[in-house]
Each structure stands twice: as C-alpha cells, then as structure tokens.
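1. Just the structure for this:
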Amino acid sequence: MTLIHHWIAGRSHAGQSGRRGPVYNPATAEQIAELEYADEATVDAAVACARQAFPAWRATSLSRRVEILFRIRELISSHRQELAAIITRENGKVPSDALGEIARGLENVEVACGIPQILKGQFSEQVATGVDVYSIRQPLGVVAGITPFNFPAMVPMWIFANAIAAGNTVVLKPSEKDPGAAMYIAELLAEAGLPAGVFNVINGDRAAVDRLLVHPAIEAVSFVGSTPVARSIYERGTAAGKRVQALGGAKNHMVVLPDAEIDGAADAAISAAFGSAGERCMAVSVVVAVGVVADALVAAMAERMARLRVGPGTDPRAQMGPLITPQHRDKVAGYLSGAEREGAKIVVDGRRTQLPGRGFFLGVSLLDHVTPDMSSYRDEIFGPVLGVVRVGSYDDALDLVNRNPYGNGTAIFTRDGGAARRFQYDVLAGMVGINVPIPVPVAYYSFGGWKASLFGDQHIYGPEGALFFTHGKVVTSRWPDPATSRIDLGFPQTR
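-> You can find the predicted model right below:
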C-alpha cells in the first residue's frame, strides 16, 4: 500500500500527526494508497518553509522566473500521459477527460510565462514640476491554494502558475480524495529548477484548511469548491485579514431557442452535461427548452444518451467514468427518486443502465418537465443528471436564469444574432456561451461567476489572477534638478 506524505522544501516530507485516510480507485472500489493527514505542526512547517523561500524568490529576476516557468510547461507537457494516468486512477476520469484538463491547465502556465507583460505598470512624467508618478505591482508573500477533487491537475495550475510567476511562494492543499496529481506536479516543478520552498503541498482534511485560514503568515487564499464551503472559507479567511477568492458551485443553464439547430444543441448538451461524470462546476445541468423546440430536443438528447458508454478509464471505448465516492454516487441517484416524487418525468434512468460490476458507477439520466420548486432544480447535483425545464418564451427563459441563486456560466443556442446579443447583455452570469455549451474562458481571460458562485472581488487565473496575487503600489518621485544641485553628478550642469 503506497503511503503518500507531503511535499515541503522540495522533497517528500513525513509528518507526525498519526492521522491517515484512504485513497481509492473509483473504477474498481479498491484502496490504492494511504494518505497522511497534516496536523497543525505540518502546516506550520510548510508555511515556514515558504516564508523562508520568499525573499530570494521575490528577488529573482522576471527573466529567470519565466525561464523556470517555460521548463515547468515543457515538463508537464512531456509527462502528460503519466499525469493523466494518475488522474484516471484516483479520480476515475476517462483518459480523454484527464488529458483535456491537463491541456487547459497548461494554458495557464503558458500565460504565466508572459508575466513580465502582465505586471507592467504605468508612468506619468512631470505631473508637477520635477515630479513623476509611476505604478508597480509586487508579490504578496506566502499564499495558499485549496483545490477540489474534480480537477486535481488543472485547478492547481490555475493557482500556482500566476502566484509563483508574480514572485509569491505557495502552499497547496489538494483534495484528500485524489492527491497524487498535485504530488507529481510538485516533483516536476522541482525538476524544472523551482527553488525548494517556493511550492509546497500539504495533504489532509479540514484540520489543515482551518490552520491555513488563520495562519498569520498566509497573505491570501484561493479556493475552488462548493458554495457552502466557499462562503465559509471567504468569511473565515477575510475575518483573519487575508485576501480571499472563493469560487463556489453552480447551476448552469443552457437556453435553446426554437430556431436552434436541434442536432448541434443536443450534441452540445450531452457533452457538457456528462463530461467528467458531471462532476464539474461548468457542467450544464439544466436545459431550458423554449416553446416548440422541447419535444424534438428531449428526443434527440435521449437518443444520444442511449449510446453513451460508461466504464473505467482502462476501457478504450468508455466515454464516462465513475463518480468519486460511493456516498456521492448514492446521493446523486437519490435525486432521481426525489424528482419522480415531485412530478418530473424520468426519460432516461441512469440507475437502470448496465454498468461494470465494481466501482462507483452511475449511468446518465435525463429528467423532463422539471420545475424550479423541485430539489433536482434547486440543488447542485454535481453528477450525471440533466434536467429539462420547459418555458414559453425567451423572456421566461431569461427570468428563470436570472432568478437562480447561482451565476457561474450559462449558454444560449440560437441562429438569431440579435437574440444572442440581447442574452449576453441581460443575463446575470459571469461566463456566457453563444452556441458554446461550456464557456470556460481561454487562459488570457479570467474565470469566475457571479452571485453565489464567487465570493471575492477578482476572478481566478488570467489577468485578474495576477492582480489577486500582487499588491499595487504607486510611487511619486522628485529629483534635484542637475542644474541647481550641489551634488557633483560628473557631467556638465547646463540648462
């Protein structure tokens, strides 16, 4: 049984807490590793190491930091198959999903390689006689990342790329369900030449998170997870005087207007709803069918779902893997029974799908005639369940989306440019797709929602991510006029 420790000062670090937890392969239900949980002393050791490494890393030139980041990018890219295998083994994703998240994570490393451009300040000459004003951005110090199980490689790259490029040092707390990707990335960062202590990984549960949130040397916390936890992280972190960005949950709607191309919309809905087993904050979980499009759209989605193959990542034909734990699988399945009792129609029932005999599998499900008062609509299910809400008009669809407490991502499918433009103008969400079901921004923009999907002022990665991990400073300067100065400057003092 593999024992996973922590990563502190550029090497594996064994703590002394005596607390451990299992790591499972969700596709086989077998325990594949044992994870050491950090206690307060281990967290303090990681933070102390990061704090000690900060002055030298901050003083490292931008060109040198970028040189290391380019090597990080190349090492992760060249080892993406090994990293994807770790994700498949611990998270359950099929290889295409695992490789996809690595590719999207690498985009953030690539953008961070341009940190000299991102951190450029401004300069105003002669704002008053002999006075110049300019702005600069400086790193915060030691920052923490707390990342979820559903993207064990990508979300850490969202955080650490900008953080270390800007001159900070990092303590990462990945999910205890699938820590292997973060530990492997730590090894690659060390191989790339990142100085010891600049990137550290502590493994564990809430005890580790609680210590990070109150540790006096932690300047900022970046979190991705569910809304209840995000709200708690934000409140506790800011109460302790820290800068916090906490990305929460979602209930992403995909509006399909009557003029939409049915096959394209159905393909988009299925890929967006069931990729990564629906365990992603940008998954489409509600299709809003407007007017006469509903019957044909539901039929097209059901037909596609019947062909979707569920299985382990070792099956080259599998298109969707298991859920992360048996408890989560059972919770997701429970929404199907609840929806039926509340009056929804189960068009496709994932509980009746022929599934592998072992593992935490659940088939894909489609609910029709869902209404906003149903629990399957109100809650973030975070699994392979897609609901259809039928409305009569565009205005009804917009009102439904805007009344939802979440505002992460949304999409509209239509051939009408005017309707699409109106939607992107009126809808209350942080990320909008027009004939694009999962509008995750490219890495040179920033990712984040509105309302209960984000607690904090700045979105993650991209330009806002760089701002989050830096302080702005404005300098006002006046120098003696060489013609009147009494200091010998070594050149003729002429006006």
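
2. Distance-wise, check the nearest residue to Arg280 once chain neighbours are set aside relative to Val43.
-> Take Arg280 and drop its neighbours on the chain: the residue closest to it by C-beta to C-beta, 6 or more residues apart in numbering is Asn150, 5.5 Å away. For every residue, glycine as well, the C-beta is placed using N, CA and C. Noted for Asn150: a distance of 24 Å to Val43, by C-beta to C-beta, to the nearest Å.

3. hey, where'd the helices end up in the stretch 101-250 of the chain?
-> 115-118, 154-165, 180-191, 206-214, 227-239 (DSSP state H, counting those that start in this stretch).

4. quick check, distance from the shortest one to the centre of its chain.
-> This means helix 115-118. 22 Å (C-alpha atoms, centre = their mean, to the nearest Å).

5. Quick one: list the elements packing against it.
-> Applying 3 or more C-beta pairs under 8 Å, 6 or more residues apart in numbering; DSSP states H and E, one finds that helix 115-118 contacts helix 62-78, helix 462-468.

6. how about a markdown table for the ones you listed, with mean neighbour count added?
-> Shown next, in a markdown table, are these (neighbours: other C-beta atoms under 10 Å):
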| stretch | mean neighbour count |
| --- | --- |
| helix 62-78 | 17 |
| helix 462-468 | 22 |
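
7. Out of the helices of the stretch 101-250 of the chain, the one nearest Leu99 is which?
-> When the helices of the stretch 101-250 of the chain are compared by C-beta to C-beta, helix 154-165 sits nearest Leu99, at 10.9 Å.

8. Return the set of buried residues in that closest one.
-> 154-165 (16 or more other C-beta atoms under 10 Å).

9. Between those residues, which sits nearest Lys93?
-> Using C-beta to C-beta, Met154 is the member of those that lies nearest Lys93, at 11.0 Å.

10. Could you measure from that closest one over to Cys281?
-> 12 Å.

11. Just say which of the helices of the stretch 101-250 of the chain is most tucked in.
-> Most buried of these, by mean neighbour count (mean count of other C-beta atoms under 10 Å): helix 154-165, with a mean of 28.

12. Also compute the angle for it relative to helix 62-78, please.
-> Counting by axes from the mean of the first three to the mean of the last three C-alpha atoms, to 10 degrees, helix 154-165 lies at 160 degrees to helix 62-78.

13. Sketch out the strands for the stretch 251-400 of the chain, chain order is fine.
-> With DSSP state E, counting those that start in this stretch as the criterion, the stretch 251-400 of the chain has strands at 252-256, 284-290, 345-348, 365-368, 385-391.

14. Columns mean neighbour count, mean pLDDT and distance to Gly409 on top of the ones you listed, output as a markdown table?
-> Output for the strands of the stretch 251-400 of the chain, formatted as a markdown table (neighbours: other C-beta atoms under 10 Å; pLDDT from 0 to 100; distance: least, C-beta to C-beta, whole Å):
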| stretch | mean neighbour count | mean pLDDT | distance to Gly409 |
| --- | --- | --- | --- |
| strand 252-256 | 28 | 98 | 5 |
| strand 284-290 | 27 | 98 | 8 |
| strand 345-348 | 18 | 98 | 24 |
| strand 365-368 | 26 | 98 | 20 |
| strand 385-391 | 23 | 98 | 15 |
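
15. Present the ones you listed as CSV; the columns should include distance to Thr60.
-> Below are the strands of the stretch 251-400 of the chain laid out as CSV (distance: least, C-beta to C-beta, whole Å):
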stretch, distance to Thr60
strand 252-256, 40
strand 284-290, 43
strand 345-348, 55
strand 365-368, 51
strand 385-391, 48
